[in-house]
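A.B. asks: Here is my input; please provide its structure:
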Amino acid sequence: MIKNYIKIAWRNILAHKGYASINILGLAIGIAACMLILQYVSFELSFENFHAKKDRIYRVQQDRYDNGKLSTQWAAGAYAVGNSFKEALPEIEDYVKVLPRGEAVAEVKNQPMKIEQVFMASESFFKLFSYPVLVGKANTALKEPFTAAISETTAKTIYGTTDVVGKSLRLNQRDQEYNITAVFKDAPVNTQLRPNILLSYATFIKENGPDNNPERAWLWDGCLTYLLLRDGTDPKALEKKFIPVVDKFTAVDMKKYNASVTYKLQALKDIHLYSHYIMEPGPTGDGKTVYLLLGIAFFIIVIAWVNYINLATARAVGRAREVGIRKAIGSQRRQLIFQFLSESAVLNAIALILAIILVLVAIPGFNRLSGQNLSFGLFADGKFWLGLTALFITGVFFAGMYPAFVLSGFRPIEVLKGKMISTTQGALLRKSLVVFQFAASLFLLIGTVIVYQQIQFMRKQSLGINIEQTLVVEPPIAKNDSIYLQQMTAFKQQLQSQTSIKNITVSTSIPGEAVNWNAGGIKLVGTDESTQKQYRVIGVDYDFMNAYGMKLIAGRIFSKDFGTDASAVIFNRKGVEQLGFNKPEEAVGKRIDFWGEQYTIAGVTENFHQQSLREAYEPLIFRMIPNVQGYLSMKVNAGKAKESINFVKAQWSTFFPGSTFDYFFLDDHFNDQYNADQRFGQVFGLFTGLAILVACMGLFGLASFTTLQRTKEIGIRKVLGASVAGILNLLYREFAFLLVIAFLLATPIAWLTTASWLKGYAFRTDLHWLYFILPFLLIIAIAVITVSFQTIKAAVANPVKSLRTE
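C.D. replies: This next block holds a predicted model:
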């Protein structure tokens, strides 16, 4: 019997190739799009899943308050947090401290090589986290001072083998060497911590000495702390127990500064999508984006299924008569249901095969577009096929629901008289489905327009500084401060001899990244300690202000003409406002307490965008440090960029022979911050286009059905003198009404959703009414083109032939 059902279904498909092709293509596009998005979402949700103890690992996140107002949110916190909480709270089974150390230079075949992702970690690192140790002992690898564990790739890069336990590792030309105690497997891509080198935290303790033991440091920030909770521990209840522990060690100092600090727990598996704090040890994702894409996947596949239902409706006349005849000769409703579901299954199966082919073809391009790393290996994943099977079964029943359960339920006499087609219920269903399709499409199109406008807004806004044609060289190794100053001074003088290079400066931070120097306890001299505030600090040399074209709004810039500038600072507007000055010029000449020393405010700059426009202006202090170590920035002639780079590289090798030469252009570096937004906009736009395409297929189905049902009416109208334009107006009016309803439904939802999304940006575009009207007009134009094929054909048809249709 099943074989017979499939055979009849196949014959029906061959008998109506046009409708079947549109159905199959629409379903295939919908399934393929859904598969790609679900793989993208699945990857983003998979972060940290490989850790065996992931459900019990939490990171301690720190919030700092000044005068009761939240001032700083850190992924890292005080150094004493881990051991203090462990000693006081039995709910904590273990902890690990992790200190990001950025990058280091190792010697490989007598050449310097930069190794990224260097961390210090306490001895329980491998107990908490599931990074398999290939060589050495995991439990003791990081126990002793001056020991190190390195990744498999790092071992092979430096030594050519993983058999390196017991060998010495020398970093940054330092005299002190590390004893390699373990080699661990490379971290997977779906984790935030991807260390290449782990140095023992015991080294940090030893280097600080007994008088500065970080295990007792509650006022030092910068330590990432991860806790392993015992089974059954309630994280929220445990957070409350942090308060008395923190107060015990910090109450006196915090009260003196009129400040406070709170610690919260972040589930390890939530960090990637929901954590965007200072000192994140790696890139993070965006939970809103992930779930918005998940919503797009839902819309696209439902639109594809609705499209199937609409096209089935367009064939309802022929199928209704078929049902009537079958019932008249004795077919039972159960048999008809199986027949229609069989047809739905065959169509969905063909669409599924085509969708898999489309995905195979699209994966490379989708990876380039989205920045993801999807591979053909996903087809070997059992979960992938389980999900695909669920999608197929859902599609069969959802898309086959109308012909299977509705048509099979009509009485033979009514069906044969054609009454089913004229029912209000059937018309309402068809129109409702089209409204849903275009409301969803319009929602996605409005979202695409606003995402694009926000990206353009950020790219076109003035940064308040000049980063054009700025070549940046990453910091060199500095073994000795006095020698470094001599080297850097001579190096800069040598570069200045090149006419294509000018405005050379060194700074601890550059635009395009967060300022990691966070300084608390800063106040005006003579004021109460309760007025202390936190600031971001950038160490600069004398040339920084001119090199970046900083706009001075009060006072002066740093200058060698003033011998006192070694103890001078410059604030930005936000900074002096935080000090309590309404007018920038009032701050000039005032002195501040900065970590036990006094500095004079020499000038005030206008606010500028240190980071992307997602971030708000921060209170900044530029501190003059003549021997500052950091990034080297310089302006180069656009026509001689390559020549300038080669010259800088040659001089670099002479003055800093043990340092790698790594450079980039600052405008590219700054715009890299928008890559994630750009990719999201491209992915959003792609799937919006696919959704509209599939929705148009549904509209084509409804146009076919409507014109077919009104063929006789059109013929009569033409006989009575109706013009082609009048008939087209009559046919278009119904579709226009549906689109207006779709617009009224989609617009408020789109406004609320995009307004919520834009709140993630400190500087954002306005939600102009054109961003809603233009997509609506575009949808109308697309709809008119879609329905015109059928409506014009019906309007210009010979009325004599039209009247013979029944």
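A.B. asks: measure residue 371 to residue 23 for me?
C.D. replies: 33 Å (Cβ to Cβ, to the nearest Å). Placement of C-beta: from N, CA and C, glycine included.
A.B. asks: okay, those two: which has more neighbours?
C.D. replies: In this view residue 371 and residue 23 are compared by other Cβ atoms under 10 Å, and residue 23 has more residues nearby, 27 against 15.
A.B. asks: Can you give me the buried ones in the helix or strand containing the more buried one?
C.D. replies: Residue 23 is part of helix 17-45, with elements assigned from DSSP states H and E. For helix 17-45, the neighbour count (16 or more other Cβ atoms under 10 Å) marks 19-20, 22-45 as buried.
A.B. asks: Next SSE downstream of that helix?
C.D. replies: Where DSSP H and E defines the elements, the next helix or strand beyond helix 17-45 is strand 57-66.
A.B. asks: what about dumping the CA coordinates of that following strand to CSV?
C.D. replies: Output of strand 57-66 as CSV, limited to C-alpha atoms (Å, rounded to 0.1, in the frame of the first residue of the first chain):
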residue,chain,number,x,y,z
ILE,A,57,32.9,25.9,36.9
TYR,A,58,32.1,29.6,37.5
ARG,A,59,34.2,32.7,37.0
VAL,A,60,34.3,35.4,39.6
GLN,A,61,33.3,38.8,38.0
GLN,A,62,34.0,42.1,39.8
ASP,A,63,31.9,45.3,39.9
ARG,A,64,33.5,48.4,41.4
TYR,A,65,31.4,51.4,42.7
ASP,A,66,32.5,55.0,43.4
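A.B. asks: Show me how far it is from its chain's centre.
C.D. replies: Relative to the chain's own centre, strand 57-66 is displaced by 22 Å; criterion: Cα atoms, centre = their mean, to the nearest Å.
A.B. asks: Walk me through which strands that strand pairs with, and which way each runs.
C.D. replies: Sheet pairing here is set by DSSP bridges, and for strand 57-66 it gives strand 69-74 (antiparallel), strand 221-229 (antiparallel), strand 259-267 (antiparallel).
A.B. asks: Low-confidence ranges, the stretch 301-450 of the chain, go.
C.D. replies: 313-333, 336, 376-378, 380, 402-427 (pLDDT under 70).
A.B. asks: now do the stretch 451-600 of the chain
C.D. replies: Counting by pLDDT under 70, the ranges of the stretch 451-600 of the chain that qualify are 478-482.
A.B. asks: ditto for the stretch 701-806 of the chain
C.D. replies: Low-confidence regions of the stretch 701-806 of the chain, defined by pLDDT under 70, span residues 701-702, 704-706, 708-712, 718, 724, 789-790, 793-806.
A.B. asks: Could I get the full set of helices for it?
C.D. replies: Per DSSP state H, counting those that start in this stretch, the stretch 701-806 of the chain has helices spanning 711-719, 724-758, 770-795, 799-803. These are given in chain order.
A.B. asks: Which one of the ones you listed lies nearest to residue 185?
C.D. replies: When the helices of the stretch 701-806 of the chain are ranked by proximity to residue 185, the top entry is helix 724-758, at 38.1 Å, counting by Cβ to Cβ.
A.B. asks: Show me how far that closest one is from its chain's centre.
C.D. replies: From the chain centre to the centre of helix 724-758 is a distance of 31 Å (Cα atoms, centre = their mean).
A.B. asks: for it, packing partners?
C.D. replies: Of the remaining helices and strands, those touching helix 724-758 by 3 or more Cβ pairs under 8 Å, 6 or more residues apart in numbering; DSSP states H and E are helix 287-314, helix 424-460, helix 675-709, helix 711-719, helix 770-795.
A.B. asks: Would you mark the buried spots in it?
C.D. replies: Under the neighbour-count criterion of 16+ other Cβ under 10 Å, helix 724-758 has 727-728, 730-732, 734-735, 738-739, 741-743, 745-747, 750, 753-754, 757-758 buried.
A.B. asks: Quick check: residue 41 touching residue 295?
C.D. replies: No: Residue 41 sits out of contact with residue 295 when judged by Cβ atoms under 8 Å, with a separation of 10.1 Å.
A.B. asks: Distance check, the nearest residue to residue 193 once chain neighbours are set aside against residue 294.
C.D. replies: With Cβ to Cβ, 6 or more residues apart in numbering as the criterion, residue 193 has its nearest non-adjacent residue at 5.7 Å, and that residue is residue 281. Counting by Cβ to Cβ, the gap from residue 281 to residue 294 is 27 Å.
A.B. asks: What of residue 100?
C.D. replies: 31 Å.
A.B. asks: Could you do residue 337 as well?
C.D. replies: Separation of residue 337 from residue 294 (Cβ to Cβ) stands at 32 Å.
A.B. asks: go on, residue 785?
C.D. replies: The span separating residue 785 from residue 294 equals 31 Å under the rule Cβ to Cβ.
A.B. asks: These two: which has the busier surroundings?
C.D. replies: When neighbours are counted by other Cβ under 10 Å, residue 785 and residue 294 differ, and residue 294 comes out ahead with 18 against 11.
A.B. asks: Assess the claim that that one and residue 41 are in contact.
C.D. replies: Yes: the pair formed by residue 294 and residue 41 meets the contact definition of Cβ under 8 Å, at 5.1 Å.
A.B. asks: The helices and strands packed on helix 724-758 into JSON lines, with extra columns for distance to residue 624?
C.D. replies: As requested, the helices and strands packed on helix 724-758 are exported to JSON lines (distance: least, Cβ to Cβ, whole Å):
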{"stretch": "helix 287-314", "distance to residue 624": "41"}
{"stretch": "helix 424-460", "distance to residue 624": "32"}
{"stretch": "helix 675-709", "distance to residue 624": "34"}
{"stretch": "helix 711-719", "distance to residue 624": "84"}
{"stretch": "helix 770-795", "distance to residue 624": "46"}
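A.B. asks: what's the helix or strand for residue 183?
C.D. replies: When secondary structure is defined by DSSP H and E, residue 183 falls within strand 178-184.
A.B. asks: Regarding stretch 177-197, how distant is the last residue from the first?
C.D. replies: Using Cα to Cα, to the nearest Å, the end-to-end distance of stretch 177-197 comes out at 13 Å.
A.B. asks: when you give positions from now on, start the count at 38
C.D. replies: In the new count, where the first residue is 38, that last one comes out as stretch 214-234.
A.B. asks: Off-centre distance for it?
C.D. replies: A distance of 25 Å separates the centroid of the chain from that of stretch 214-234, by Cα atoms, centre = their mean.
A.B. asks: Just the mean pLDDT for it, thanks.
C.D. replies: Confidence over stretch 214-234, taken as the mean pLDDT, stands at 95.
A.B. asks: Mind listing what's buried along that stretch?
C.D. replies: By neighbour count on 16+ other Cβ under 10 Å, the buried set for stretch 214-234 is 215, 217-221, 224, 227-234.
A.B. asks: In these, find the pair that's most separated.
C.D. replies: When the buried residues of stretch 214-234 are compared pair by pair using Cβ to Cβ, the two farthest from each other are 215 and 227, 28.6 Å apart.
A.B. asks: mind listing the helices for the stretch 138-287 of the chain?
C.D. replies: Using DSSP H, counting those that start in this stretch, the helices found in the stretch 138-287 of the chain span residues 162-165, 189-196, 238-245, 272-293.
A.B. asks: by contact count, what packs against the shortest one?
C.D. replies: Translated: helix 162-165. Helix 162-165 sits against strand 129-137, strand 258-266, with contacts defined as 3+ Cβ pairs under 8 Å, 6+ apart.
A.B. asks: Which among the ones you listed is found nearest to residue 711?
C.D. replies: Taking the helices and strands packed on helix 162-165 one by one with Cβ to Cβ, strand 129-137 is closest: 23.9 Å.
A.B. asks: okay, residue 638: pLDDT?
C.D. replies: The predicted local confidence for residue 638 comes out at a pLDDT of 96.
A.B. asks: Which helix or which strand is home to it?
C.D. replies: Residue 638 is located in strand 634-642, with elements delineated by DSSP H and E.
A.B. asks: Also residue 432?
C.D. replies: helix 419-436.
A.B. asks: For the helix or strand following that helix, which outside residues touch it?
C.D. replies: In the C-terminal direction, the helix or strand that comes right after helix 419-436 (DSSP H and E) is helix 438. Residues outside helix 438 that contact it (Cβ atoms under 8 Å, 6 or more residues apart in numbering) are residue 346.
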